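**Student:** give me a model of this one.
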Amino acid sequence: MTATIRVKLSIMMFLEFFIWGAWFVTLGTYLLKNLNATGVEVGVAFLTQSIGAIVAPFIIGLIADRFFSAQKILGVLHLAGAVLLWRASLAPDFSSFYPSILTYMILYMPTLALVNSISFRQMQDPQKEFAPIRVLGTLGWIVAGLTIGWLNWEQTNSLQATFTMAAVASAILGVFSFTLPATPPVKKGQSSSLGDLLGLDAIGMLKNQSYLIFFLASIAICIPLAFYYGFTNPFLNEVGMKSAAGVQSLGQVSELLFMLAIPLFFSKLGVKKMLAIGMGAWVLRYVFFAYGNADANYWMLIAGIVLHGVCYDFFFVTGQIYTDNLAGEQFKSSAQGFITLATYGVGMLIGTLLSGRIFDSYQLSADSHDWRMIWLIPAGIAGVVLLLFLLLFRERRQAAAAEPDVALGSAPSMAQAK
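**Tutor:** Prediction:
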């Protein structure tokens, strides 16, 4: 990979996650304070992410793998997204806000798989090359959070400006995408079944029992993740943390540092331990939130935020690389869309519906909630998922060439790659 391509991919990752972090972190606070939404409505708003993730494999499988170059699709989606984010910033109430953000997330979520696919197609050794590029995405999210905190938008009820900022960045990435390395469809002109055309060819990966356990764990662990995305910012603001969005960026700083160390962790720990540590960090984070406060236990709030790096990198980034290794050249785009379906789709869909109801159930007054119970529930869910994963997942360290993990291509399994 040339230096020019590396720089372009890094800029792509920075903008991709700057856009998301620019409005997503403070969405719950914006809806509750500016649009007077209920907890259920907050959950419904975050549910748009899941709807977009469920649609993503179909868009990727139908278009990116077969008809158009991935970088061109990325550009079109982000240009359209810029218009939708601008419209969302002008919405006076939840009913007019929701259609814009729903349509936007249907267009945005496929781009998460696209940026991964574009990056992986330029790499010879993703285990070593992906993390240093993906870390720029984390930096983009950090810069977005720090900008919100620096401009004091949370305290001045000016969070509608976050959507305008994201719209500008989306327009920039939309134009920039057309300069990215050509990533043509790998199955152009091939005859396919209806299932193949919809991107469901990656379902064959579930024939691998270990990958099936990982896939199911990905769905289950994203149920508690929905609590973090939807209600951490309202929680921190309610308990009195100043510039909460800026402080939350410490989670991305942690993510950045751990991501740079992922190649070392891979060689020392292996897949199962990496994934288990990530899930264990989820349990600990929610326990810290349950017992933390803005006084003597302020350190628990900070620790819970900083643990985000372990939660995200050890599970999601590990899972993306694990998926890429198993997929084979013909299925890289579909496979990334497929794991997006499991995590941000099905898992987050269940989690957003559950978290909104729990938030409303533990409301004590107009401006206070029983946050201890709100956080102990996802901690318990994450603990059960971790226990079942440890019991059922088997990492094959000595996979023989005659017995490949999946029959989807010639790429080595994670065990063989090690």
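
**Student:** residue 225 against residue 347, yeah?
**Tutor:** Yes - using CB atoms under 8 Å, residue 225 is in contact with residue 347, at 7.1 Å. Any C-beta I mention is one placed from the backbone N, CA and C, and that applies to glycine too.

**Student:** count of neighbours near residue 290?
**Tutor:** 18 (other CB atoms under 10 Å).

**Student:** got it, and residue 252?
**Tutor:** Residue 252 has 28 nearby residues by other CB under 10 Å.

**Student:** same thing with residue 264?
**Tutor:** Residue 264: 10 neighbours (other CB under 10 Å).

**Student:** repeat for residue 95
**Tutor:** 10.

**Student:** any idea which helix or strand carries it?
**Tutor:** Residue 95 is part of helix 94-120 when elements are defined by DSSP states H and E.

**Student:** for that helix, packing partners?
**Tutor:** helix 3-24, helix 39-59, helix 70-89, helix 126-150, helix 318-327, helix 332-340 (3 or more CB pairs under 8 Å, 6 or more residues apart in numbering; DSSP states H and E).

**Student:** tell me the secondary structure at residue 364.
**Tutor:** strand (DSSP: H, G, I helix; E, B strand; the rest coil).

**Student:** and stretch 365-380, what's buried?
**Tutor:** Within stretch 365-380, the residues that count as buried by 16 or more other CB atoms under 10 Å are 369, 371, 374-379.

**Student:** where does the stretch 301-418 of the chain have low pLDDT?
**Tutor:** 328-334, 337, 396-418 (pLDDT under 70).

**Student:** if we go to 90?
**Tutor:** 308-309, 312-313, 315-349, 352-353, 364-368, 394-418 (pLDDT under 90).

**Student:** so for this protein, the centremost residue is which one?
**Tutor:** Taking CA atoms, centre = their mean, the centroid of the chain lies closest to residue 344, which sits 6.4 Å from it.

**Student:** for it, give me its contacts.
**Tutor:** 49-50, 52-53, 56, 109, 112, 222 (CB atoms under 8 Å, 6 or more residues apart in numbering).

**Student:** quick one: residue 341 and residue 241, what's the gap?
**Tutor:** For residue 341, the distance to residue 241 equals 34 Å [CB to CB, to the nearest Å].

**Student:** pick out whichever of these two has more residues nearby.
**Tutor:** residue 341 (27 against 22).

**Student:** if we can go back for a sec, inside strands: which ones of the buried residues of stretch 365-380?
**Tutor:** residue 369 (DSSP state E).

**Student:** okay, the buried residues of stretch 365-380 in JSON lines with distance to residue 149 next?
**Tutor:** Below are the buried residues of stretch 365-380 laid out as JSON lines (distance: CB to CB, whole Å):
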{"residue": "369", "distance to residue 149": "23"}
{"residue": "371", "distance to residue 149": "21"}
{"residue": "374", "distance to residue 149": "24"}
{"residue": "375", "distance to residue 149": "23"}
{"residue": "376", "distance to residue 149": "28"}
{"residue": "377", "distance to residue 149": "28"}
{"residue": "378", "distance to residue 149": "25"}
{"residue": "379", "distance to residue 149": "27"}
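
**Student:** widest-spaced pair of the buried residues of stretch 365-380?
**Tutor:** Put simply, by CB to CB the two of the buried residues of stretch 365-380 set farthest apart are 369 and 379, 16.1 Å from each other.

**Student:** show me what the stretch of helix or strand residue 277 belongs to is packed against.
**Tutor:** Per DSSP H and E, residue 277 falls inside helix 262-291. If you count contacts as 3+ CB pairs under 8 Å, 6+ apart, helix 262-291 packs onto helix 126-150, helix 209-238, helix 298-306, helix 308-312, helix 318-327, helix 371-392.

**Student:** mind giving me the packing neighbours of the helix or strand just after the second one?
**Tutor:** As assigned by DSSP H and E, the chain's next helix or strand after helix 209-238 is helix 244-260. With contacts defined as 3+ CB pairs under 8 Å, 6+ apart, helix 244-260 has these neighbours: helix 126-150, helix 209-238, helix 298-306, helix 308-312.

**Student:** next, the buried residues of helix 244-260.
**Tutor:** Result for helix 244-260 [16+ other CB under 10 Å]: buried residues 244-256, 258-259.

**Student:** from these, pick the one nearest residue 384.
**Tutor:** For those, the nearest to residue 384 is residue 251 (23.6 Å; CB to CB).

**Student:** now that closest one, nearest residue through space, not along the chain?
**Tutor:** Leaving out its chain neighbours, the residue that sits closest to residue 251 by CB to CB, 6 or more residues apart in numbering is residue 308, at 3.1 Å.

**Student:** repeat that for residue 219.
**Tutor:** Closest to residue 219 by CB to CB, 6+ apart is residue 347, at 4.1 Å.

**Student:** does that neighbour count as helix, strand or coil?
**Tutor:** helix.

**Student:** rewinding a little: buried residues, the helix holding residue 95. List them.
**Tutor:** Buried, per 16+ other CB under 10 Å, within helix 94-120: 94, 97-98, 100-120.

**Student:** please apply the same query to stretch 306-319.
**Tutor:** Using 16+ other CB under 10 Å as the burial criterion, the residues of stretch 306-319 that qualify are 306-319.
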